[in-house]
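Visitor: predicted structure and sequence below. I'll ask about it afterward.
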Amino acid sequence: MFTPLPSSAAWLHRDARTGFEVTYFRDDARGVLVEGCATAVEDGITWAIDYRLRLDGSWHTRSAQIVGRYPEGRRSVTMQSDGLGRWQIDGTVAPELDGCLDIDLEASAFTNALPVHRLGLAVGDGADAPAAYVRAADLTAARLPQHYRRITDGAGQRYAYRSRDFDFHATLDYDESGLIIDYPGLATRTA
């Protein structure tokens, strides 16, 4: 379905915020290790988010270590998943996230690749993909209902994306490795 991931990727964040994101990928026997950093100015506030995500071979999020730097100091959160949709945040069970197989970092354009890889949708098919959504401003996590519908195929893939909680919908373009190329109003792939 997708070609192998490149060793790295980068996005220019625009419109909703001004910033940049860089990610590095490493495949191993356990799945994919993703290490990244996003920096931005949003609503006059500066932040930098470092993240380390562990994905299993089916692209289910298994763990996330996230560190945020802000004018008032540093915050961090560690999230663990059993791969079946049950989560712990800093060692405490988080039943509000039950059923979420993906993590969605507000700071990251990359994390919209997780459900696309995991779902393997055919053209015309759609699926709900609720995510454990981590806010950039304070690293709090909440359940975010999302829906992806694959609408075209070719060198890359195109999906209709909808998030009712944010009253947001967009057409997302992905490259042949399943990384987002254009996220309208948020980010454009630069490398």
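Guide: Great, that's in hand.
Visitor: packing partners of the helix or strand bottoming out on mean pLDDT in the chain?
Guide: Scoring the helices and strands of the chain by mean pLDDT, DSSP states H and E places strand 147-153 at the bottom, with a mean of 92. When contacts are defined as 3 or more C-beta pairs under 8 Å, 6 or more residues apart in numbering; DSSP states H and E, strand 147-153 packs onto helix 113-119, strand 126-128, strand 157-163. Where you see a C-beta, it was placed from the backbone N, CA and C, and this is true even at glycine.
Visitor: quick one: closest of those to Ile49.
Guide: The stretch from these with the least distance to Ile49 (C-beta to C-beta) is helix 113-119; that distance is 16.3 Å.
Visitor: excluding chain neighbours, what is closest to Thr140?
Guide: Distance criterion C-beta to C-beta, 6 or more residues apart in numbering; nearest residue to Thr140, sequence neighbours excluded, is Val134 at 7.3 Å.
Visitor: that neighbour contacts Leu105, doesn't it?
Guide: Yes: using C-beta atoms under 8 Å, Val134 is in contact with Leu105, at 5.2 Å.
Visitor: tell me the most buried of the helices and strands packed on strand 147-153?
Guide: With neighbours defined as mean count of other C-beta atoms under 10 Å, the helices and strands packed on strand 147-153 peak in mean count at helix 113-119, which reaches a mean of 22.
Visitor: give me the contacts around that one.
Guide: Here helix 113-119 makes contact (C-beta atoms under 8 Å, 6 or more residues apart in numbering) with 2, 55, 58-61, 101-104, 127, 129, 131, 146, 148, 157, 159, 174, 178-180.
Visitor: and if you look at stretch 179-191?
Guide: With C-beta under 8 Å, 6+ apart as the criterion, stretch 179-191 contacts 5-6, 8-17, 21, 109-110, 112-113, 156, 170-175.
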